[in-house]
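In: this one's structure only:
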């Protein structure tokens, strides 16, 4: 899909003051089946709003998500002990495991005879840009789905660290942005489907990483297709506690985005734009890096004999 197409979807969303547009378009989506998951837990506001928006858009939604918060679990999965699953209500399952466990149980067990057309992970509380894409359970679930052969979209909403102790609910700006993020995702899926020409919703081995600013819909500045940075503006340190040998993680955030991150997802999100990153889950460094290492290890690596 072209950047113009993505921006058209965003413009359509901004013009929809109510849910009427998504509902009017429901007849065109043809019963698209979405497996919805996250890493924050099946009851959290982000996934509840996402389910509502996807259903309002006419999509059939099966929610399979962790029973409790499993943030920062990447693609960790349980291969050794039994995993409890619970049917909460029709179409909603809670899994006592990681996001990777949840999406695999959804794909390989619950929906094995009724596979989804698309996997959506989110909305997550807290942006997943730059370095965060490697540790995020939200991205982990989407990547597992992609590796299993399903197109996937991960959605996260920015947080403001200064709101961490807000009352009665932490991060009120994030909470207020969940509906907008969910409605944007529904519009994005519609645009992807309308431009697929009957093919896959996304190219094979592709995950879309959507990050939504902690803003009301009318304050969002637009949509950027952005390169994923290698780092973020968050800095992690460890502090001693009163217990000897015990450390507590502590995060701080830079006041400004460093210049070398300008033009990346970190930069555009900080400027109030929705960012979309195109990921493939490939950890290969590429041909140039492989050649450089091969030259240095020429005395170690056994050459491949021609057949």
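Out: Received, thanks. Owing to the predicted nature of the structure, the values given are computational and were not obtained by experimental measurement. Numbering: from 1, shown residues only.
In: From here on, just use CA atoms for contacts and neighbour counts.
Out: Noted.
In: which residues in the stretch 1-150 of the chain form helices?
Out: For the stretch 1-150 of the chain, helices defined by DSSP state H, counting those that start in this stretch occupy the ranges 3-15, 20-24, 45-56, 99-105, 132-135, 137-147.
In: which of those helices has the lowest average pLDDT?
Out: Lowest mean pLDDT within those: helix 20-24, a mean of 39.
In: low pLDDT regions in the protein?
Out: Counting by pLDDT under 70, the chain has low-confidence residues at 1-30, 303-307.
In: Now do the contacts for residue 170.
Out: If a contact means Cα atoms under 8 Å, 6 or more residues apart in numbering, then residue 170 has 163-164 as its contacts.
In: Which elements pack onto the longest helix seen in the chain?
Out: In the chain, assigned by DSSP state H, the helix with the most residues is helix 172-194. Taking 3 or more Cα pairs under 8 Å, 6 or more residues apart in numbering; DSSP states H and E as contact, the helices and strands that helix 172-194 lies on are helix 3-15, helix 45-56, strand 118-125, strand 152-157.
In: Any chance you could list what contacts the shortest one?
Out: For strand 152-157, the external contacting residues (Cα under 8 Å, 6+ apart) are 118-128, 138-139, 142-143, 145-146, 174, 177-178, 181, 185, 202, 206-214.
In: List the buried residues of the longest helix of the chain.
Out: Across helix 172-194, burial judged by 16 or more other Cα atoms under 10 Å covers 172-193.
In: same thing with stretch 136-156?
Out: Within stretch 136-156, the residues that qualify as buried by neighbour count (16+ other Cα under 10 Å) are 136-147, 150-156.
In: Quick check: the gap between residue 100 and residue 272.
Out: Between residue 100 and residue 272 the distance, using Cα to Cα, to the nearest Å, works out to 30 Å.
In: neighbour count winner among these two?
Out: Neighbours per residue (other Cα atoms under 10 Å) separate residue 100 from residue 272, with residue 100 holding more: 30 against 18.
In: That one contacts residue 72, doesn't it?
Out: No: distance between residue 100 and residue 72: 11.5 Å, which falls outside the contact criterion (Cα atoms under 8 Å).
In: Please work out how many residues are found near residue 133.
Out: Neighbours of residue 133 under the rule other Cα under 10 Å: 23.
In: wait, I meant residue 292
Out: When neighbours are defined as other Cα under 10 Å, residue 292 has 10 of them.
In: Please, which helix or strand holds it?
Out: With the criterion set as DSSP states H and E, the secondary-structure element containing residue 292 is helix 287-296.
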